[in-house]
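1. Generate a structure from the sequence data that follows.
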Amino acid sequence: MSVPGAALRAQAARVLAAVLVDGRSLKTLLAEVLPGIAEVRDRALLEAICFSVLRHRRRYEFTLSQWLAKPLPARDTAVQMLLLSGLAQLDVMKLPAHAAVAATAEAARLLDRAPLVGLVNALLRRAIREALPESEHDAVRYSHPEWLLQCFREDWPDDAVAILAANNRAAPVWLRVNSAQIARDEYVPRLTAAGYGATLPDFPAQAIRLDAPGAPQNLPGWREGEVTVQDAAAQLAVEALALRETDIVLDACAAPGGKAAQMAEIIIAPGRLLALDTDPRRLAHVRQTLARLALESPRVECRVADAADTAAWWDGVAFDAILVDAPCSATGIIRRQPDIKWHRRAEDIPALVALQARLLDALWRVLAPGGRLLYATCSVLKDENERQVAAFLAHTPDAMPLSLDARYGRESGAGRQRLPGEDGMDGFYYALLGKQALG
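-> Got it, this is the predicted structure:
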């Protein structure tokens, strides 16, 4: 007789193995797997199990290292993932113990590891009786790789523990009201009438923070394009540019499209917006976002291109404003994508820093004198942020930093840094640079 929930736990183990062993993206995998699960509650449970394991992986692996006489062999990777998911269900998810243990143990049978059903059952029952063992090492206690913990300590010595803790908490859902269609003050009563609790920050002006998560497609006005999901920290990047309606604007790294849409709400003819991205599939998502928000128009163009290769796409007309939301380590959004912790490597950072510098140098040449460029990342690493901008200013005589106020975060060199969780927002860096006319 099948145990209710066992098939779902087996599926969670497969997803976790694909993420942690094969290096697949959790976001991509869930997009493939979740539509095949009929019940909304089951989809939510599978997602919660995966997120919980990836947030607390090292704590649970440490527990197994203490409780198992010897590590499981490679052929039992799926059972290892089952054990991690079982610990997550009992520890942070606080699921009813009997159901969680029974379903997780039985899932071993569905993964063709029937001889280990008893082992899974015994270890999880021990977790009911005993507190999980604690490691003295912060990298294990807060479940981060050592190299990343060291970066946080070096860059943010007074805030490293707060960053670690924030990375392991679920992020709230932030919305941005489409100002081309409706004002925030008009939209909020509809949201409230639909049963959603919400918090309204003073800034950014179109941001709404939901009090509880929910499927975006169920929001009032979603299908009509009145609202989109976008963290407030990401919204601040466009706010920092302070666009004028007739500006000629470049969004150099446009996918997934939230900032391009935000800028498209502002620009009117003769202004125009050019949105670039190197990945055709990701640029298709930008187009879909613009279409859903009814922001497609002749003044908005999406083009597949390497922004740094200006000879391939630039028409010679200088831009009044450029947004460089640069490829980065994404260490400011780990709470939203916890697999970033396990996929990113220390050796990735120099290559990212080199790419960011290449973008800055190339795009500065297509910015008009008197224009402004906003360099932004969703990173908290100073090599990508404060030190990157300092290096650019040091060799670019016509570049000058423009001030941003405390609403954009704490001072960090020539820019401002938000750390993850501050005011409920993601970790983000902003540096606004103005181009002087020399000679």
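
2. make it CA atoms for all contacts and neighbour counts henceforth
-> Will do.

3. My guess is residue 399 contacts residue 389. True?
-> No: at 10.4 Å, residue 399 and residue 389 do not qualify as touching, with contact defined as C-alpha atoms under 8 Å.

4. Okay, residue 245 and residue 363: tell me how far apart.
-> 21 Å (C-alpha to C-alpha, to the nearest Å).

5. more crowded one of these two?
-> More crowded of residue 245 and residue 363, by other C-alpha atoms under 10 Å: residue 363, with 20 against 16.

6. Beyond the longest strand along the chain, next helix or strand please.
-> Ordering each strand of the chain by length in residues (DSSP state E) puts strand 367-377 first. If you walk from strand 367-377 toward the C-terminus, the next helix or strand you reach (DSSP states H and E) is helix 386-394.

7. That following helix: which residues count as buried?
-> Using 16 or more other C-alpha atoms under 10 Å as the burial criterion, the residues of helix 386-394 that qualify are 386-390, 393.

8. Same question for stretch 344-362.
-> Judged by neighbour count (16+ other C-alpha under 10 Å), stretch 344-362 contains these buried residues: 349, 352-353, 356-357, 359-360.

9. related to what we said a few turns ago, for the longest strand of the chain, which positions count as buried?
-> Using 16+ other C-alpha under 10 Å as the burial criterion, the residues of strand 367-377 that qualify are 367-369, 371-377.

10. List the strands paired with it, with their directions.
-> Each strand pairing with strand 367-377, determined using DSSP bridges, is listed with its direction: strand 319-325 (parallel), strand 428-435 (antiparallel).

11. roughly how far apart are residue 350 and residue 338?
-> Summarising the geometry, the distance separating residue 350 from residue 338, computed by C-alpha to C-alpha, is 22 Å.

12. whoops, residue 408 was the one
-> Relative to residue 338, and taking C-alpha to C-alpha, residue 408 is found at 24 Å.

13. got it, and residue 302?
-> 30 Å.

14. of residue 408 and residue 338, who's got more company?
-> With neighbours defined as other C-alpha under 10 Å, residue 408 and residue 338 compare such that residue 338 has more, 26 against 22.

15. Is that one in a helix, a strand, or coil?
-> State at residue 338, reduced to three classes by DSSP: H, G, I helix; E, B strand; the rest coil: coil.

16. so who does it touch?
-> Under the criterion of C-alpha atoms under 8 Å, 6 or more residues apart in numbering, the contact partners of residue 338 comprise 51, 54-55, 167-168.

17. Let's have those residues in a markdown table, adding pLDDT and neighbour count.
-> Formatted as a markdown table, the entries for the contacts of residue 338 read as follows, by pLDDT from 0 to 100; neighbours: other C-alpha atoms under 10 Å:
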| residue | pLDDT | neighbour count |
| --- | --- | --- |
| 51 | 98 | 24 |
| 54 | 98 | 27 |
| 55 | 98 | 27 |
| 167 | 98 | 28 |
| 168 | 97 | 20 |
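
18. how about the helices in the stretch 201-350 of the chain?
-> Here the stretch 201-350 of the chain has its helices, by DSSP state H, counting those that start in this stretch, at 232-241, 258-264, 280-292, 340-343, 348-364.

19. Nearest approach to residue 180 belongs to which of the ones you listed?
-> If you check each of the helices of the stretch 201-350 of the chain against residue 180 by C-alpha to C-alpha, helix 258-264 wins as the nearest, at 8.9 Å.

20. from the chain's centre, how far out does the closest one sit?
-> Averaged C-alpha coordinates place helix 258-264 at 17 Å from its chain's average position (C-alpha atoms, centre = their mean, to the nearest Å).

21. what packs against that helix?
-> helix 232-241, strand 272-277, helix 280-292 (3 or more C-alpha pairs under 8 Å, 6 or more residues apart in numbering; DSSP states H and E).

22. who touches the first one?
-> Read it as helix 232-241. 174-176, 204, 207, 259, 262-263, 321, 323, 372-374, 376, 404, 408, 418, 425-428, 430, 432.

23. Can you flag the buried ones in those residues?
-> The neighbour-count test (16+ other C-alpha under 10 Å) applied to the contacts of helix 232-241 identifies 174-176, 204, 207, 259, 262-263, 321, 323, 372-374, 376, 404, 408, 418, 425-428, 430, 432 as buried.

24. re the thing from before, so which of the strands paired with strand 367-377 is nearest residue 131?
-> Among these, if distance is taken as C-alpha to C-alpha, the winner is strand 428-435, at 36.1 Å.

25. Give me the contact list for the closest one.
-> Defining contact as C-alpha under 8 Å, 6+ apart, one finds that strand 428-435 is touched by 233-234, 237, 240-241, 332, 367-380, 385, 389, 398-404, 408, 414-420.
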